[in-house]
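Asker: Using only what follows, build the 3D model:
(one chain, ligands or ions: 2)
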Amino acid sequence: MPIVKYITTDQLLVWVNALIAAQTVYGVQAKEQRFAYDALADAADLRLDFDVTILPPKKFFQPLVETIMKFHVDGHYESVTSEEPFIIFGVHPYDVVAIAQMDEVFRANYADTHYLSRRERATIVACDIQNASPSMFAACMGTATVEDGFDILLTKIGDGYVVDVRTAKGEALLVALGDAPDADAGTLARREQFWDDARRFLNKYLLKCKPTDLPALLEDQYEHAIWEHNAGLCYSCGSCNMVCPTCYCFDVQDEVDWTLEKGTRVRKWDSCMLRDFATVAGGHNFRRRREERYRHRFYRKGQYLWQRMGQIACVGCGRCTTACTAKIANPVELYNTLMEG
Ligand code: SF4
Ligand code: SF4
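Answerer: Residues are numbered from 1 along each chain as shown. Ligands and ions are numbered 1, 2, ... in the order given. Prediction:
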(Lines give C-alpha, C1' and ligand atoms only; values in the text may rest on other atoms or scores of the structure.)
(Ligands and ions follow the chains in the order given, each with its own letter.)
Protein backbone atom coordinates (compact mmCIF):
# COMPACT_ATOMS: atom_id res chain seq x y z
CA MET A 1 0.00 0.00 0.00
CA PRO A 2 1.40 3.43 -0.91
CA ILE A 3 1.84 5.78 2.04
CA VAL A 4 0.37 9.23 1.34
CA LYS A 5 0.17 11.56 4.33
CA TYR A 6 -0.91 15.16 4.76
CA ILE A 7 1.04 17.41 7.14
CA THR A 8 0.87 21.04 8.11
CA THR A 9 3.75 23.42 7.42
CA ASP A 10 4.54 23.45 11.16
CA GLN A 11 4.75 19.65 11.18
CA LEU A 12 7.08 19.83 8.19
CA LEU A 13 9.47 22.09 10.11
CA VAL A 14 9.47 19.80 13.16
CA TRP A 15 10.05 16.78 10.91
CA VAL A 16 12.96 18.39 9.03
CA ASN A 17 14.61 19.48 12.29
CA ALA A 18 14.34 15.91 13.60
CA LEU A 19 16.04 14.66 10.40
CA ILE A 20 18.77 17.31 10.71
CA ALA A 21 19.49 16.09 14.26
CA ALA A 22 19.97 12.54 12.98
CA GLN A 23 21.94 12.91 9.74
CA THR A 24 23.24 15.23 7.03
CA VAL A 25 20.43 17.05 5.27
CA TYR A 26 20.95 19.32 2.27
CA GLY A 27 18.13 21.64 1.33
CA VAL A 28 17.31 24.59 -0.89
CA GLN A 29 18.12 27.91 0.72
CA ALA A 30 17.95 31.54 -0.37
CA LYS A 31 21.34 32.96 -1.43
CA GLU A 32 21.39 36.62 -2.38
CA GLN A 33 18.10 36.74 -4.35
CA ARG A 34 18.67 33.26 -5.77
CA PHE A 35 18.49 29.69 -4.49
CA ALA A 36 21.10 27.03 -3.84
CA TYR A 37 21.47 23.66 -2.14
CA ASP A 38 23.48 23.74 1.05
CA ALA A 39 23.75 21.85 4.34
CA LEU A 40 20.69 22.61 6.45
CA ALA A 41 21.24 23.63 10.07
CA ASP A 42 17.66 24.74 10.73
CA ALA A 43 14.42 23.78 8.99
CA ALA A 44 13.43 27.45 8.98
CA ASP A 45 16.08 28.00 6.27
CA LEU A 46 14.48 25.47 3.91
CA ARG A 47 12.73 27.12 0.92
CA LEU A 48 10.40 24.75 -0.88
CA ASP A 49 8.92 27.72 -2.76
CA PHE A 50 12.17 28.17 -4.75
CA ASP A 51 11.95 28.66 -8.53
CA VAL A 52 15.24 27.01 -9.54
CA THR A 53 18.61 26.42 -7.88
CA ILE A 54 21.78 27.92 -9.35
CA LEU A 55 23.43 24.49 -9.62
CA PRO A 56 21.45 21.29 -9.97
CA PRO A 57 21.60 18.48 -7.39
CA LYS A 58 24.11 16.62 -9.60
CA LYS A 59 26.78 18.30 -7.47
CA PHE A 60 26.00 15.83 -4.66
CA PHE A 61 26.65 12.79 -6.85
CA GLN A 62 29.37 14.18 -9.08
CA PRO A 63 31.09 16.95 -7.09
CA LEU A 64 32.74 19.84 -8.91
CA VAL A 65 36.11 18.50 -7.72
CA GLU A 66 36.57 15.05 -6.17
CA THR A 67 39.45 12.78 -5.26
CA ILE A 68 38.79 9.38 -6.79
CA MET A 69 42.06 7.61 -5.94
CA LYS A 70 45.11 7.88 -3.70
CA PHE A 71 48.36 6.28 -4.91
CA HIS A 72 51.91 5.71 -3.71
CA VAL A 73 55.18 5.31 -5.58
CA ASP A 74 55.49 1.74 -4.21
CA GLY A 75 52.51 0.77 -6.38
CA HIS A 76 49.90 0.78 -3.61
CA TYR A 77 46.67 2.59 -4.42
CA GLU A 78 43.16 2.89 -3.02
CA SER A 79 39.94 3.98 -4.62
CA VAL A 80 38.07 6.74 -2.76
CA THR A 81 34.30 6.41 -2.48
CA SER A 82 31.74 8.03 -0.21
CA GLU A 83 30.14 6.16 2.67
CA GLU A 84 28.06 8.94 4.25
CA PRO A 85 24.26 8.76 3.91
CA PHE A 86 22.50 12.05 3.24
CA ILE A 87 19.12 13.53 2.39
CA ILE A 88 18.44 16.10 -0.33
CA PHE A 89 15.33 18.08 0.49
CA GLY A 90 13.60 19.86 -2.35
CA VAL A 91 14.33 18.38 -5.78
CA HIS A 92 12.07 19.60 -8.57
CA PRO A 93 10.59 17.08 -11.03
CA TYR A 94 12.83 18.16 -13.96
CA ASP A 95 15.90 17.52 -11.77
CA VAL A 96 14.49 14.13 -10.73
CA VAL A 97 14.30 13.26 -14.44
CA ALA A 98 17.86 14.52 -14.97
CA ILE A 99 19.15 12.41 -12.05
CA ALA A 100 17.51 9.32 -13.58
CA GLN A 101 19.28 10.06 -16.86
CA MET A 102 22.62 10.48 -15.09
CA ASP A 103 22.06 7.20 -13.23
CA GLU A 104 21.71 5.48 -16.58
CA VAL A 105 24.85 7.14 -17.95
CA PHE A 106 26.99 6.29 -14.91
CA ARG A 107 25.69 2.70 -14.74
CA ALA A 108 26.02 1.92 -18.45
CA ASN A 109 29.03 0.00 -19.79
CA TYR A 110 31.29 0.78 -16.84
CA ALA A 111 29.67 1.23 -13.41
CA ASP A 112 31.14 4.41 -11.95
CA THR A 113 31.58 3.50 -8.27
CA HIS A 114 32.31 7.09 -7.24
CA TYR A 115 29.02 8.39 -8.60
CA LEU A 116 27.06 5.31 -7.57
CA SER A 117 28.37 5.21 -3.99
CA ARG A 118 26.94 8.69 -3.43
CA ARG A 119 23.77 8.00 -5.34
CA GLU A 120 23.00 4.87 -3.32
CA ARG A 121 23.46 6.71 -0.03
CA ALA A 122 21.18 9.57 -0.99
CA THR A 123 17.52 9.87 -0.06
CA ILE A 124 15.71 12.20 -2.42
CA VAL A 125 12.80 14.23 -1.12
CA ALA A 126 11.34 15.74 -4.27
CA CYS A 127 8.90 18.66 -4.27
CA ASP A 128 6.48 19.87 -6.89
CA ILE A 129 7.13 23.30 -8.38
CA GLN A 130 5.45 26.19 -6.57
CA ASN A 131 7.08 28.97 -8.60
CA ALA A 132 8.31 28.81 -12.19
CA SER A 133 11.81 30.10 -12.94
CA PRO A 134 12.15 32.90 -15.54
CA SER A 135 13.46 30.59 -18.28
CA MET A 136 11.81 27.24 -17.72
CA PHE A 137 9.99 25.11 -20.27
CA ALA A 138 9.45 21.95 -18.25
CA ALA A 139 5.87 21.45 -19.43
CA CYS A 140 7.10 21.44 -23.06
CA MET A 141 9.68 18.79 -22.18
CA GLY A 142 7.26 16.62 -20.18
CA THR A 143 9.22 17.16 -16.95
CA ALA A 144 6.90 19.47 -14.99
CA THR A 145 5.70 16.52 -12.91
CA VAL A 146 7.26 13.16 -12.20
CA GLU A 147 5.97 9.73 -11.24
CA ASP A 148 9.11 7.98 -10.01
CA GLY A 149 12.82 8.47 -9.38
CA PHE A 150 12.40 9.89 -5.84
CA ASP A 151 11.93 8.47 -2.34
CA ILE A 152 9.34 11.00 -1.17
CA LEU A 153 7.38 13.63 -3.11
CA LEU A 154 6.02 16.73 -1.36
CA THR A 155 3.18 18.71 -2.95
CA LYS A 156 1.94 21.94 -1.39
CA ILE A 157 -1.83 21.81 -1.12
CA GLY A 158 -3.57 24.45 0.97
CA ASP A 159 -1.62 25.25 4.13
CA GLY A 160 0.25 21.95 4.18
CA TYR A 161 1.95 19.28 2.14
CA VAL A 162 0.97 15.93 0.71
CA VAL A 163 3.80 13.53 1.61
CA ASP A 164 3.89 10.72 -0.95
CA VAL A 165 6.28 7.96 0.10
CA ARG A 166 7.50 5.59 -2.63
CA THR A 167 10.49 3.64 -1.29
CA ALA A 168 11.82 1.95 1.84
CA LYS A 169 14.36 4.78 2.20
CA GLY A 170 11.50 7.25 2.16
CA GLU A 171 9.54 5.21 4.66
CA ALA A 172 12.54 5.25 7.01
CA LEU A 173 12.33 9.06 7.14
CA LEU A 174 8.71 8.91 8.28
CA VAL A 175 9.76 7.59 11.69
CA ALA A 176 10.90 11.13 12.52
CA LEU A 177 7.55 12.54 11.40
CA GLY A 178 5.47 10.69 13.96
CA ASP A 179 1.71 10.50 13.60
CA ALA A 180 0.18 12.20 10.60
CA PRO A 181 -3.18 11.52 8.93
CA ASP A 182 -3.50 9.94 5.52
CA ALA A 183 -4.25 12.47 2.79
CA ASP A 184 -8.01 12.46 2.20
CA ALA A 185 -9.73 12.08 -1.17
CA GLY A 186 -10.42 15.81 -1.49
CA THR A 187 -6.76 16.69 -0.95
CA LEU A 188 -5.65 14.07 -3.47
CA ALA A 189 -8.13 15.44 -6.03
CA ARG A 190 -6.63 18.91 -5.54
CA ARG A 191 -3.17 17.41 -6.10
CA GLU A 192 -4.35 15.85 -9.38
CA GLN A 193 -5.60 19.27 -10.49
CA PHE A 194 -2.27 20.84 -9.45
CA TRP A 195 -0.38 18.28 -11.57
CA ASP A 196 -2.71 18.84 -14.56
CA ASP A 197 -2.05 22.57 -14.39
CA ALA A 198 1.72 22.03 -14.04
CA ARG A 199 1.81 19.75 -17.09
CA ARG A 200 0.00 22.41 -19.15
CA PHE A 201 1.31 25.72 -17.87
CA LEU A 202 4.84 25.42 -16.42
CA ASN A 203 6.54 27.17 -19.34
CA LYS A 204 8.07 30.60 -19.75
CA TYR A 205 9.11 29.69 -23.30
CA LEU A 206 7.10 27.56 -25.72
CA LEU A 207 8.79 24.95 -27.86
CA LYS A 208 6.93 24.74 -31.17
CA CYS A 209 7.44 21.00 -31.59
CA LYS A 210 7.36 17.85 -29.49
CA PRO A 211 10.66 16.91 -27.79
CA THR A 212 10.63 13.68 -29.81
CA ASP A 213 10.80 15.77 -33.02
CA LEU A 214 14.17 17.26 -32.02
CA PRO A 215 16.48 14.46 -33.26
CA ALA A 216 15.03 14.67 -36.79
CA LEU A 217 15.07 18.48 -36.71
CA LEU A 218 18.75 18.48 -35.80
CA GLU A 219 19.45 15.86 -38.47
CA ASP A 220 18.08 18.30 -41.08
CA GLN A 221 19.67 21.50 -39.79
CA TYR A 222 23.36 20.70 -39.34
CA GLU A 223 24.35 23.49 -41.76
CA HIS A 224 21.85 26.12 -40.51
CA ALA A 225 23.26 29.67 -40.35
CA ILE A 226 22.27 30.02 -36.66
CA TRP A 227 25.25 27.90 -35.56
CA GLU A 228 27.81 30.27 -37.02
CA HIS A 229 25.84 33.40 -36.10
CA ASN A 230 25.38 32.50 -32.41
CA ALA A 231 28.91 31.08 -32.09
CA GLY A 232 30.16 34.52 -33.09
CA LEU A 233 28.62 35.84 -29.87
CA CYS A 234 29.78 32.97 -27.62
CA TYR A 235 32.48 33.62 -25.01
CA SER A 236 33.35 29.89 -24.68
CA CYS A 237 32.92 30.35 -20.94
CA GLY A 238 31.29 26.95 -20.35
CA SER A 239 28.64 28.31 -17.96
CA CYS A 240 25.83 26.65 -19.91
CA ASN A 241 27.46 23.26 -19.25
CA MET A 242 28.26 23.92 -15.61
CA VAL A 243 24.68 24.69 -14.59
CA CYS A 244 23.07 21.93 -16.66
CA PRO A 245 21.67 18.92 -14.78
CA THR A 246 22.35 16.59 -17.72
CA CYS A 247 25.96 17.64 -18.43
CA TYR A 248 28.36 15.21 -16.80
CA CYS A 249 31.69 15.46 -18.66
CA PHE A 250 34.79 15.54 -16.49
CA ASP A 251 38.56 15.77 -16.70
CA VAL A 252 40.91 13.55 -14.67
CA GLN A 253 44.25 14.78 -13.40
CA ASP A 254 46.96 13.27 -11.18
CA GLU A 255 48.24 15.62 -8.50
CA VAL A 256 51.62 14.42 -7.22
CA ASP A 257 52.86 15.32 -3.75
CA TRP A 258 56.05 17.44 -3.56
CA THR A 259 57.94 14.43 -2.13
CA LEU A 260 57.18 12.60 -5.41
CA GLU A 261 56.23 9.58 -3.31
CA LYS A 262 52.44 9.81 -3.35
CA GLY A 263 49.58 11.59 -4.98
CA THR A 264 45.89 11.78 -5.67
CA ARG A 265 43.80 11.34 -8.78
CA VAL A 266 41.24 14.08 -9.03
CA ARG A 267 38.35 14.58 -11.38
CA LYS A 268 36.72 17.90 -12.11
CA TRP A 269 33.75 19.08 -14.14
CA ASP A 270 34.68 19.84 -17.71
CA SER A 271 32.84 21.66 -20.48
CA CYS A 272 32.52 20.86 -24.18
CA MET A 273 32.25 24.62 -24.81
CA LEU A 274 35.86 25.17 -23.70
CA ARG A 275 38.43 25.36 -26.48
CA ASP A 276 40.68 22.54 -25.30
CA PHE A 277 37.94 20.08 -24.37
CA ALA A 278 38.38 17.98 -27.51
CA THR A 279 42.17 18.32 -27.78
CA VAL A 280 43.90 14.93 -27.88
CA ALA A 281 47.49 13.72 -27.70
CA GLY A 282 49.55 15.30 -30.46
CA GLY A 283 47.61 18.54 -30.13
CA HIS A 284 44.80 17.82 -32.59
CA ASN A 285 41.51 19.43 -31.58
CA PHE A 286 38.36 17.78 -32.92
CA ARG A 287 36.23 20.86 -32.24
CA ARG A 288 38.66 23.73 -32.56
CA ARG A 289 36.11 26.24 -33.89
CA ARG A 290 33.56 27.82 -31.55
CA GLU A 291 30.82 27.07 -34.05
CA GLU A 292 31.60 23.35 -33.81
CA ARG A 293 31.50 23.43 -30.02
CA TYR A 294 28.32 25.50 -29.86
CA ARG A 295 26.54 23.15 -32.28
CA HIS A 296 27.88 20.05 -30.52
CA ARG A 297 26.23 21.01 -27.23
CA PHE A 298 22.76 21.07 -28.80
CA TYR A 299 23.34 17.88 -30.78
CA ARG A 300 24.47 16.08 -27.67
CA LYS A 301 21.29 17.14 -25.84
CA GLY A 302 18.85 16.68 -28.71
CA GLN A 303 20.27 13.85 -30.76
CA TYR A 304 23.33 11.91 -29.50
CA LEU A 305 21.93 10.92 -26.10
CA TRP A 306 18.57 10.26 -27.71
CA GLN A 307 20.29 7.72 -29.95
CA ARG A 308 21.99 6.18 -26.92
CA MET A 309 19.17 6.04 -24.36
CA GLY A 310 15.98 7.17 -26.08
CA GLN A 311 15.63 10.38 -24.07
CA ILE A 312 16.23 14.03 -24.87
CA ALA A 313 19.00 15.19 -22.51
CA CYS A 314 17.34 18.51 -21.77
CA VAL A 315 14.77 18.71 -18.99
CA GLY A 316 13.67 22.31 -19.56
CA CYS A 317 15.06 23.81 -16.34
CA GLY A 318 16.20 26.97 -18.15
CA ARG A 319 19.42 27.28 -16.13
CA CYS A 320 21.58 27.61 -19.26
CA THR A 321 19.42 30.47 -20.52
CA THR A 322 19.87 32.37 -17.25
CA ALA A 323 23.60 31.62 -17.02
CA CYS A 324 24.54 32.75 -20.54
CA THR A 325 25.66 36.37 -20.62
CA ALA A 326 25.67 36.30 -24.44
CA LYS A 327 21.96 35.31 -24.47
CA ILE A 328 22.48 32.48 -26.97
CA ALA A 329 22.01 29.37 -24.84
CA ASN A 330 18.20 29.22 -24.72
CA PRO A 331 17.31 25.81 -26.21
CA VAL A 332 13.73 26.85 -27.06
CA GLU A 333 14.80 29.90 -29.04
CA LEU A 334 17.43 27.84 -30.85
CA TYR A 335 15.12 24.94 -31.73
CA ASN A 336 12.27 27.26 -32.79
CA THR A 337 14.70 29.10 -35.09
CA LEU A 338 15.79 25.79 -36.62
CA MET A 339 12.13 24.98 -37.26
CA GLU A 340 11.75 28.10 -39.33
CA GLY A 341 14.33 26.59 -41.71
S1 SF4 B 1 20.17 22.38 -21.75
FE2 SF4 B 1 19.60 24.15 -20.45
S3 SF4 B 1 17.38 23.95 -20.14
FE4 SF4 B 1 18.13 21.97 -20.88
S5 SF4 B 1 18.56 20.78 -19.02
FE6 SF4 B 1 20.48 21.79 -19.59
S7 SF4 B 1 20.50 23.73 -18.44
FE8 SF4 B 1 18.39 22.93 -18.39
S1 SF4 C 1 26.68 29.66 -25.02
FE2 SF4 C 1 26.75 31.27 -23.45
S3 SF4 C 1 27.12 30.23 -21.48
FE4 SF4 C 1 27.61 28.78 -23.15
S5 SF4 C 1 29.82 29.00 -23.49
FE6 SF4 C 1 28.80 30.41 -24.94
S7 SF4 C 1 28.65 32.38 -23.85
FE8 SF4 C 1 29.15 30.82 -22.30
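Asker: Now Asn241: closest residue in space that isn't a chain neighbour?
Answerer: Spatial nearest neighbour of Asn241, chain neighbours left out: Ser271 (3.9 Å); criterion: CB to CB, 6 or more residues apart in numbering. For the C-beta atoms, the positions are set from N, CA and C on the backbone; glycine is no exception.
Asker: Surely the one you found is in a strand?
Answerer: No. Read with DSSP: H, G, I helix; E, B strand; the rest coil, Ser271 is coil and lies in no strand.
Asker: shouldn't it be in contact with Tyr235?
Answerer: No. Counting by CB atoms under 8 Å, Ser271 does not reach Tyr235; the two are 11.8 Å apart.
Asker: What parts of the stretch 201-341 of the chain come near ligand 2?
Answerer: 234-240, 273, 323-324, 326, 328-329 (CB under 6 Å from any ligand atom).
Asker: Which single residue in the stretch 51-200 of the chain comes nearest to ligand 2?
Answerer: Ser135 (12.5 Å; CB to the nearest ligand atom).
Asker: you'd agree that residue is in a strand?
Answerer: No. Using three-state DSSP, the assignment for Ser135 is coil, not a strand.
Asker: And it, how close does it get to ligand 1?
Answerer: 7 Å (CB to the nearest ligand atom, to the nearest Å).
Asker: The closest residue in space to that residue that isn't next to it in sequence and ligand 2, how far apart?
Answerer: Among residues not flanking Ser135 along the chain, Gly318 sits closest, at 2.9 Å (CB to CB, 6+ apart). Counting by CB to the nearest ligand atom, the gap from Gly318 to ligand 2 is 13 Å.
Asker: contacting residues for Gly318?
Answerer: Shown in contact with Gly318 (CB atoms under 8 Å, 6 or more residues apart in numbering): 52, 133-137, 204-205, 330.
Asker: again, only this time at 10 Å
Answerer: By CB atoms under 10 Å, 6 or more residues apart in numbering, the contact set of Gly318 is 51-52, 94, 132-138, 203-205, 243, 329-332.
Asker: Spell out which residues of this protein are next to ligand 1.
Answerer: Counting by CB under 6 Å from any ligand atom, the residues of the chain that sit close to ligand 1 are 243-246, 301, 314-320, 331.
Asker: Mind giving me the ChimeraX command for buried ones among those?
Answerer: Buried residues within these, by 16 or more other CB atoms under 10 Å, are selected in ChimeraX with:
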select :243,244,245,246,301,314,315,316,317,318,319,320,331
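Asker: from the residues of the chain next to ligand 1, which ones fall inside helices?
Answerer: 319-320, 331 (DSSP state H).
Asker: got the end-to-end distance for stretch 59-74?
Answerer: For stretch 59-74, the first and last residues are 33 Å from each other (CA to CA, to the nearest Å).
Asker: Which positions within it qualify as buried?
Answerer: Neighbour counts over stretch 59-74 (16+ other CB under 10 Å) mark 59-63, 66, 68-69, 71 as buried.
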